[in-house]
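Undergrad: Have a look at this fold, sequence not included:
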């Protein structure tokens, strides 16, 4: 145990206290073999850390952002303290996460939160300084989650609904879509009609991107099946007197239309039945482009006499 009277050395200073204040740097202790001032110095001991003001500073750097494909960032800690010892921690409850380098000036982190840098002096580790930096934002490398509207069937290509160009329209047509960014861009393209308009399919492909450009897609099958017959109207039934002259069939008397294509009207051979009273059945038949037909039947009734 060594006691030193600093007053003998003229060092009557008002001592300052605190973890970062020391009046002296290090202390070396030697002894002499006799009381003579010129005797040999022996028994060297030290140096011992004894004093010296050790200023420590910490700079946690600028705040950082996580966004889109930026899934992790490197913090920019620094200190002018010679040989500084670095230690990073996350403020509890702030949500941060240190991936690596917690005991370096530049750790890698991958979550938003508050990060605290603590710097200490290697020669006097009870003396330290701290600084805080914030990381904000949410990285997004996940495409939107979507399901296409269900398959639909229409009788004509003209009845195929327009594709959706907004998420709201897409959902209204029976689809679903979500992205953490809140933004989903929608576009679509229709493939060719495969199989023809009388029984074919169209593949509609929807493409999506979110605010970070992450893409995804889905497909909807649209079936075209024209099984609706034409509509038709024509002349009324007629009743004649004895042995009349029956007018010839006239397709111009028929009004016919189709929901998808044009129609072709034909008159089928007349069918006559009965003996004294004859019945002539005349059938007009319109046919659409897919072979669907409808009949208009006109009946002529008249008495028949054989004068021979």
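TA: Looks like it arrived, so ask away. A quick note: this is a predicted structure, and the numbers were derived from the prediction, not measured.
Undergrad: Tell me how many other residues crowd the residue lying closest to residue 79 once chain neighbours are set aside.
TA: In this structure, residue 79 finds its nearest non-sequential neighbour in residue 119, 4.4 Å apart by C-beta to C-beta, 6 or more residues apart in numbering. Any C-beta I mention is one placed from the backbone N, CA and C, and that applies to glycine too. Residues within reach of residue 119, counting by other C-beta atoms under 10 Å, total 24.
Undergrad: residues in contact with residue 119?
TA: 56-58, 77, 79, 81, 84-87, 128-130 (C-beta atoms under 8 Å, 6 or more residues apart in numbering).
Undergrad: What's the separation between the residue sitting nearest the centre point of the chain and residue 189?
TA: In the chain, the residue lying closest to the centroid (C-alpha atoms, centre = their mean) is residue 144, at 2.4 Å. Counting by C-beta to C-beta, to the nearest Å, the gap from residue 144 to residue 189 is 18 Å.
Undergrad: likewise residue 255?
TA: 40 Å.
Undergrad: swap in residue 155?
TA: Counting by C-beta to C-beta - residue 155 and residue 189 are separated by 23 Å.
Undergrad: Residue 297 too?
TA: 47 Å.
Undergrad: Quick check: residue 291 vs residue 198, distance?
TA: 7 Å.
Undergrad: ok, the residue nearest to residue 263 when sequence neighbours are not counted - contacts?
TA: Spatial nearest neighbour of residue 263, excluding adjacent residues (C-beta to C-beta, 6+ apart): residue 286 at 4.2 Å. When contacts are counted by C-beta under 8 Å, 6+ apart, residue 286 touches 230, 232, 254, 256, 258, 263-266, 293-294, 296.
Undergrad: change it to 10 Å
TA: 229-232, 234, 251, 254-258, 262-266, 292-296 (C-beta atoms under 10 Å, 6 or more residues apart in numbering).
Undergrad: ok, back up a step: wait, what's in contact with the residue nearest to the centre of the chain?
TA: 167, 176-181, 183-186, 208-211, 214-217.
Undergrad: Which strand residues bridge the nearest residue to residue 236 once chain neighbours are set aside?
TA: Nearest non-adjacent residue to residue 236, counting by C-beta to C-beta, 6+ apart: residue 298, 7.3 Å away. Beta-bridge partners for residue 298, by DSSP bridges, are residue 282.
Undergrad: ok, residue 298 to residue 210 distance?
TA: 65 Å.
Undergrad: ok, now residue 88?
TA: 32 Å.
Undergrad: again with residue 149
TA: 20 Å.
Undergrad: and if you look at residue 159?
TA: 33 Å.
Undergrad: Between the two, tell me which one has more neighbours.
TA: residue 210 (22 against 14).
Undergrad: contacting residues for the nearest residue to the more buried one once chain neighbours are set aside?
TA: Counting by C-beta to C-beta, 6+ apart, residue 210 lies nearest to residue 179, which is 4.2 Å off, once chain neighbours are set aside. Residues in contact with residue 179, defined by C-beta under 10 Å, 6+ apart, are 140, 142-146, 167, 185, 208-212, 214, 216.
Undergrad: Any of those buried? List them.
TA: 140, 143-144, 146, 167, 185, 208-212, 214, 216 (16 or more other C-beta atoms under 10 Å).
Undergrad: Checking residue 306 next. Helix, strand or coil?
TA: coil (DSSP: H, G, I helix; E, B strand; the rest coil).
Undergrad: now it: how far from residue 94?
TA: From residue 306 to residue 94 the distance is 112 Å (C-beta to C-beta).
Undergrad: Then residue 257?
TA: Counting by C-beta to C-beta, the gap from residue 257 to residue 94 is 72 Å.
Undergrad: Residue 146 too?
TA: Relative to residue 94, and taking C-beta to C-beta, residue 146 is found at 33 Å.
Undergrad: before we move on, the earlier item: could you point out which element follows the strand or helix carrying the residue nearest to residue 79?
TA: Residue 119 is part of strand 113-121 when elements are defined by DSSP states H and E. Per DSSP H and E, the first helix or strand lying C-terminal to strand 113-121 is strand 124-136.
Undergrad: Now that following strand: average pLDDT?
TA: Strand 124-136 shows a mean pLDDT of 90.
Undergrad: who does that strand pair up with?
TA: strand 64-65 (parallel), strand 113-121 (antiparallel).
Undergrad: and these as TSV, adding mean pLDDT and distance to residue 271?
TA: Listed next are the strands paired with strand 124-136 as TSV, based on pLDDT from 0 to 100; distance: least, C-beta to C-beta, whole Å:
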stretch	mean pLDDT	distance to residue 271
strand 64-65	96	86
strand 113-121	96	90
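Undergrad: and the residue nearest to residue 132 when sequence neighbours are not counted, how far is that from residue 90?
TA: In space, and not counting its chain neighbours, residue 132 is closest to residue 116: 5.2 Å by C-beta to C-beta, 6+ apart. Plainly put, residue 116 is 8 Å away from residue 90 if you go by C-beta to C-beta.
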